[in-house]
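Colleague: structural data only, the sequence is not supplied:
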């Protein structure tokens with residue numbers, strides 16, 4: 001090597017190295033594991049039969065299991081919904097009895113007060129006051145034997161009509177897709193149920209276009225309180241465990257003085273669960 005020549009360090013370009021195996025999608029792998037998929041290093045059958053998690057989830061056999069799980073989940077959700085509404089109805093019936101008792105107690109207290117005042121009028125010989133009290137007592141109306149039940153929130157018929165009229169809501173796969181989309185967006189879960197499914201429909205259209213053969217104008221529906229695809233009543237023992245609709249009913253009953261507090265309403269509500 002001459003004096004004018006310099007030694008140049010050639011960077012290592014990685015020739016001869018084996019490329020690292022591409023990393024799989026952790027979310028897809030976690031989902032695939034539910035249905036029996038295993039990573040390659042855990043796979044004990046014929047190595048040629050191994051497929052990545054993404055491909056495994058696309059297999060017809062896996063899809064059948066997904067649909068079965070979806071149907072079972074929907075059945076559980078519907079059962080929980082029915083149980084929630086049943087407990088609300090039972091608690092409301094108890095509230096009606098409380099209203100009747102309050103009215104009876106109030107009426108009996110008024111009658112007792114008039115009778116005491118009339119006796120005082122007799123003792124002092126005040127005939128005019130006695131007659132006036134008697135007239136006022138007769139004007140009192142006894143409590144209605146069948147008072148109108150307290151108003152309870154009902155599921156908006158427009159929301160029910162939407163579910164019945166929509167084709168995609170009857171497809172378990174599309175319904176599950178919509179429910180998961182809503183679960184992934186907490187801001188959407190705070191909307192009324194009808195707004196939730198209308199938002200989810202836009203997502204469903206992208207992946208299930210067969211349910212929307214022709215574009216149709218969307219009808220305008222009114223709002224509905226509480227609930228939603230992703231909301232299912234929880235079982236608990238306090239106000240914080242009440243489902244949205246049951247909690248709203250309870251707050252109205254507390255405001256009307258039927259229950260002393262939301263804790264008392266919750267105790268009555270969850271007592272229905274034990275009686276079922």
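Modeller: Done, it's in. All figures in this text were calculated on a predicted structure; none of them were measured in a lab.

Colleague: please enumerate the helices of this protein.
Modeller: 26-33, 53-58, 60-123, 127-139, 157-165, 172-183, 186-189, 193-207, 244-255, 262-275 (DSSP state H).

Colleague: redo the ones you listed as JSON lines? Include distance to residue 41.
Modeller: Every C-beta, even on glycine, is put in place using the N, C-alpha and C of the backbone. JSON lines is the format used below for the helices of the chain (distance: least, Cβ to Cβ, whole Å):
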{"stretch": "helix 26-33", "distance to residue 41": "12"}
{"stretch": "helix 53-58", "distance to residue 41": "13"}
{"stretch": "helix 60-123", "distance to residue 41": "21"}
{"stretch": "helix 127-139", "distance to residue 41": "89"}
{"stretch": "helix 157-165", "distance to residue 41": "46"}
{"stretch": "helix 172-183", "distance to residue 41": "29"}
{"stretch": "helix 186-189", "distance to residue 41": "36"}
{"stretch": "helix 193-207", "distance to residue 41": "32"}
{"stretch": "helix 244-255", "distance to residue 41": "46"}
{"stretch": "helix 262-275", "distance to residue 41": "47"}
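
Colleague: out of the ones you listed, nearest to residue 42?
Modeller: helix 26-33 (9.9 Å; Cβ to Cβ).

Colleague: other SSEs contacting the closest one?
Modeller: Counting contacts by 3 or more Cβ pairs under 8 Å, 6 or more residues apart in numbering; DSSP states H and E, helix 26-33 packs against helix 53-58.

Colleague: just to revisit the earlier point, tell me which of the helices of the chain lies nearest to residue 46.
Modeller: Nearest to residue 46, of all the helices of the chain, is helix 53-58, at 14.9 Å by Cβ to Cβ.

Colleague: which residues touch that closest one?
Modeller: Residues from elsewhere that reach helix 53-58, judged by Cβ atoms under 8 Å, 6 or more residues apart in numbering: 24, 25, 28, 29, 31, 32, 33, 35, 37, 62, 63, 66.

Colleague: fine by me, we can end here.
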